[in-house]
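Undergrad: predicted model and sequence follow; I will ask about them next.
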Amino acid sequence: MSKLIIAIAVLLSLFALLRIGITFVSRTTAIGGIQSVNDNEQLGDCSKKPNCQGSQSSRINQKVDALPIALGTSDAMSTLASAITELGGKIEQQQGNYLHATFKTTLMGYTDDVELLVDVAASEVQIRSASRLGHSDLGANKKRIDTIRQHLTNRL
């Protein structure tokens, strides 16, 4: 019985150390930022690692549809900010037509970055979600974008 308690204590200690280490290592953001392409603003491309999804991704397996909007920039930004916080995200930067937020994964506490860029002329919101750590995200960013899309249905 005491060996079991010791084993559980060791495992819990390792898990706590791993969480602390992940928090320390994941301070570097995975944002693509705003790029200017042919005088049009767009979100940065995803890297080659399969831990990112974006409406501006150049790779088909990482590409998602932009969010359709019918609102003006300020109303859309307000709606997006509300949705992000309602879904548990933390807004890191909100300026003009750009919003950067972070989400933490439940079990391991990984930080993922979400970016939104309102393009009223195209009647859409560009979206990008990327993990800061690891090679694969096991579909977490696609699922997050789908959740955001579903949450915003009939609100934009």
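TA: Happy to help now that I have it. Keep in mind it's a predicted model, so treat the numbers as computed, not measured.

Undergrad: please make it C-alpha for all contacts and neighbour counts, starting now.
TA: Will do.

Undergrad: wait, residue 55 touches residue 130, no?
TA: No. With contact defined as C-alpha atoms under 8 Å, residue 55 and residue 130 do not form a contacting pair (12.0 Å).

Undergrad: ok, those two, which is more surrounded?
TA: Set side by side, residue 55 and residue 130 show more neighbours around residue 130, with 28 against 23, by other C-alpha atoms under 10 Å.

Undergrad: return the residues in contact with that one.
TA: 30-31, 46, 51-53, 112-114, 141 (C-alpha atoms under 8 Å, 6 or more residues apart in numbering).

Undergrad: ok, now which ones touch the residue nearest to it when sequence neighbours are not counted?
TA: By the measure of C-alpha to C-alpha, 6 or more residues apart in numbering, the closest residue to residue 130 outside its immediate chain neighbours is residue 52, 4.1 Å from it. By C-alpha under 8 Å, 6+ apart, the residues touching residue 52 are 46, 62, 128-131, 137, 141-142.

Undergrad: at 10 Å instead, please
TA: By C-alpha atoms under 10 Å, 6 or more residues apart in numbering, the contact list for residue 52 reads 30, 45-46, 61-63, 112-114, 128-132, 135-137, 139-142.

Undergrad: find residues that contact each of residue 55 and residue 130.
TA: By the contact definition C-alpha under 10 Å, 6+ apart, residue 55 and residue 130 are jointly contacted by residue 46.

Undergrad: still on that earlier bit, tell me which of the contacts of residue 130 is nearest to residue 38?
TA: residue 46 (18.9 Å; C-alpha to C-alpha).

Undergrad: ok, the residue most central in space within the chain to residue 131 distance?
TA: In the chain, the residue lying closest to the centroid (C-alpha atoms, centre = their mean) is residue 114, at 2.8 Å. Per C-alpha to C-alpha, to the nearest Å, residue 114 is found 9 Å from residue 131.

Undergrad: any idea of the mean pLDDT in whatever helix or strand residue 82 lives in?
TA: Assigned by DSSP states H and E, residue 82 belongs to helix 73-86. Mean pLDDT, helix 73-86: 95.

Undergrad: same check, this time on stretch 97-106
TA: Mean predicted lDDT for stretch 97-106 stands at 92.

Undergrad: tell me which of the contacts of residue 52 fall in helices.
TA: In this view, these that belong to helices under DSSP state H are 140-142.
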